[in-house]
Structure formats: C-alpha cells, structure tokens
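What follows is a predicted protein model with its sequence.
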Amino acid sequence: MAESRSEKCKSGAPQVHFGTQTLSRGITLMRVIATRPQVGWRLSDLAIACDQDKGTVHRMLACLVQERLVEQRDSDRHYLPGPLMYELGLALTHHASFDRCAEQVVNKFARRMQGIVLLQLRSGNDFVCSIRAGTVSMTGAMVYPGVRRPLFSSAGGVAIIQTLSAEAQALLLQDNEAQEIRRHGGARLEAFRKMWERSKQDGFGVNFGYIVPNSYAFAVPIRASTGNAFAAVCLIGTPETFPETRLPEIHRELLATATRLEQCAVDCGM
C-alpha cells in the first residue's frame, strides 16, 4: 500500500515529538516564513528567527514542503509560503467577501486623499497587509499585500494596540520589541517609541516620519460587531501632502472610512 503524504513526512526523517509543542513550533515557523513572501528565508536565518534548533527546523520544513504549506525556491533554496496556505484560506468565504467590499472603499479613499491606503488585518501580535491602494511613488512605503510585521512597527498596528487594555498593551509591546531585537537589533526601537508616544497624544495612529524620513502615516482601528479591533485603515503620504496642520481633517476622513469598512464587515457576517 502506498504511504500517505503524512506518513512520508514522518518516515523520511528521524522521529520528533509530534505533540502540541511540535505543532506550536510548526505554526511559528509558518508565521515567520510568511513575513517574507517575496524574498524568502535561508534555513539558518529561519532557525535564528524562530529560536529553534537548525536540525529540527530542517525536519519540519521537509514536512511542510511535502504538504505544500511551504515552498523552496530552486534558484536560491530560500523557503517561501506555499500554495496550501492560500488554498486553506479559501474556506473563509466571509473574509473573501469582506475583502471585495473593502477594496472598493479603500480605492475610493486613496483617490480622494491622493495617498497610499493600506488595510491591515490583525494577526495575533502582528498585522498582515490585506489591501494596498494608491499610485503615489514613495520609497519608504514598502508594505504590500501579504506582508506581515509586528503591530507596533506601523501606525495601523499602533491604532489597533490602542484599543486594548493597559495590561494587554504592555504584553504585546514586550513581545513586539523582542521580535524586533531578535530580527533587526535595537536600532529602530527609539523611532517606534516616538511613534507610540505621538499616537498616544493624538488618540490614533500617527507617524510623522519617525521610522522612514518623509513618510507620514495615519491610522484608525476597524472594529467587528463585538467591538474588538480586527483591522486598521492606514493613510500614507509625504509631508507636503499631509502636513501636521491637516491632522484633524485626516482623522475625520479616516474615521468616516473606518465606518464604511465596519459596515462591510457587518454585511459580510464578520
């Protein structure tokens, strides 16, 4: 009898503990791989980013590649998100319906404001860019659909964090800072803290070029019917287009757009 794909996964490498700890490590591995959907990851860098043994990571990757959750690019042997990640998401039809509705709202907002607009979905302590609209050329606006980053690294993520309790905020920020230090060192932490403090002052996500010079960003949360923030809408532009004097207007426009997106979520059963 032919071996099943799962049996091949197990028989093709030394046995490891297939319990909840191993499952958690595998999910962590896929989450990290998803942070670089175009560039991909080397095995050694993945092991460091996941704080896991290189041999264990290699065995898990072999299984994930076989299951099509991860791909290994022939040209450089980097690991990338696999097609099964996308295919499993197709089962969430209400999310797909929300994306279609939200895309119309986001595109109209980007044209009206003459900036770049992002729809950023919360994913645990990270955000994932779902939609990007706008044709403004900006070297610092490197977030595209599929990109995953720690919440505290963007105005949209900060807007989501602001909706949490003080205790939840502290835990999330601690996790995000640890992620940043592990992957990039501590050089950008002061810039992230400046964005956090300015956003606390204004009551929504505000970034006056603290992270990337001349890249301004503003964001408000989008809430589900439960009241929990599941996303943020973020407006990005230059200091010339969005000077600080326009901050009250920008806030009003963002809130109005968030209301439209929240109605999309209600209509789609989210």
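Received it, and whenever you're ready, just let me know what you need.

which residues of this protein fall in helices?
Along the chain, counting by DSSP state H, helices occupy 5-11, 20-33, 43-50, 54-66, 83-89, 93-113, 155-161, 166-184, 189-202, 247-267.

Could you export the second one as CSV, CA atoms only?
When you say that, I think you mean helix 20-33. C-alpha atoms of helix 20-33 as CSV (Å, rounded to 0.1, in the frame of the first residue of the first chain):
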residue,chain,number,x,y,z
THR,A,20,1.3,20.3,20.9
GLN,A,21,4.8,21.7,21.4
THR,A,22,5.8,20.5,17.9
LEU,A,23,2.6,21.8,16.4
SER,A,24,3.2,25.2,18.0
ARG,A,25,6.7,25.3,16.6
GLY,A,26,5.5,24.4,13.2
ILE,A,27,2.9,27.3,13.3
THR,A,28,5.6,29.7,14.5
LEU,A,29,7.8,28.6,11.6
MET,A,30,5.0,29.2,9.0
ARG,A,31,4.2,32.6,10.6
VAL,A,32,7.8,33.7,10.3
ILE,A,33,8.1,32.4,6.7
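
what's in contact with that helix?
16, 40-41, 46, 49-50, 52, 56-57, 60-61, 63-64, 69-70, 79-81, 85, 123-124, 126, 148 (Cβ atoms under 8 Å, 6 or more residues apart in numbering). The C-beta positions use only the backbone N, C-alpha and C, and glycine is treated the same way.

How about stretch 187-198?
Contacts of stretch 187-198 (Cβ under 8 Å, 6+ apart): 152-153, 155, 158, 173, 177, 180-181, 205-208, 210-211.

Buried ones among those residues?
152-153, 155, 158, 173, 177, 180, 205-208, 210-211 (16 or more other Cβ atoms under 10 Å).

Widest-spaced pair of those residues?
Farthest-apart pair in the buried ones among the contacts of stretch 187-198 is Glu177 and Phe208; separation 21.1 Å (Cβ to Cβ).

follow-up on the earlier one: how about the helices of the chain in CSV, adding distance to Gly237 and mean pLDDT?
Converted to CSV, these look like this (distance: least, Cβ to Cβ, whole Å; pLDDT from 0 to 100):
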stretch, distance to Gly237, mean pLDDT
helix 5-11, 47, 43
helix 20-33, 30, 87
helix 43-50, 32, 90
helix 54-66, 39, 93
helix 83-89, 31, 89
helix 93-113, 7, 93
helix 155-161, 12, 97
helix 166-184, 25, 92
helix 189-202, 16, 96
helix 247-267, 9, 96
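
Need the winner for burial among the ones you listed.
helix 155-161 (a mean of 28; mean count of other Cβ atoms under 10 Å).

I'd like to know which elements it is packed against.
strand 116-123, strand 126-133, helix 166-184, helix 189-202, strand 205-208, strand 216-223, strand 229-237 (3 or more Cβ pairs under 8 Å, 6 or more residues apart in numbering; DSSP states H and E).

With distance to Ala265 added, can I get the ones you listed in JSON lines?
Listed next are the helices and strands packed on helix 155-161 as JSON lines, based on distance: least, Cβ to Cβ, whole Å:
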{"stretch": "strand 116-123", "distance to Ala265": "11"}
{"stretch": "strand 126-133", "distance to Ala265": "12"}
{"stretch": "helix 166-184", "distance to Ala265": "21"}
{"stretch": "helix 189-202", "distance to Ala265": "23"}
{"stretch": "strand 205-208", "distance to Ala265": "19"}
{"stretch": "strand 216-223", "distance to Ala265": "7"}
{"stretch": "strand 229-237", "distance to Ala265": "8"}
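
Out of the ones you listed, the one nearest Asp99 is which?
Nearest of the helices and strands packed on helix 155-161 (Cβ to Cβ): strand 126-133, 6.2 Å.
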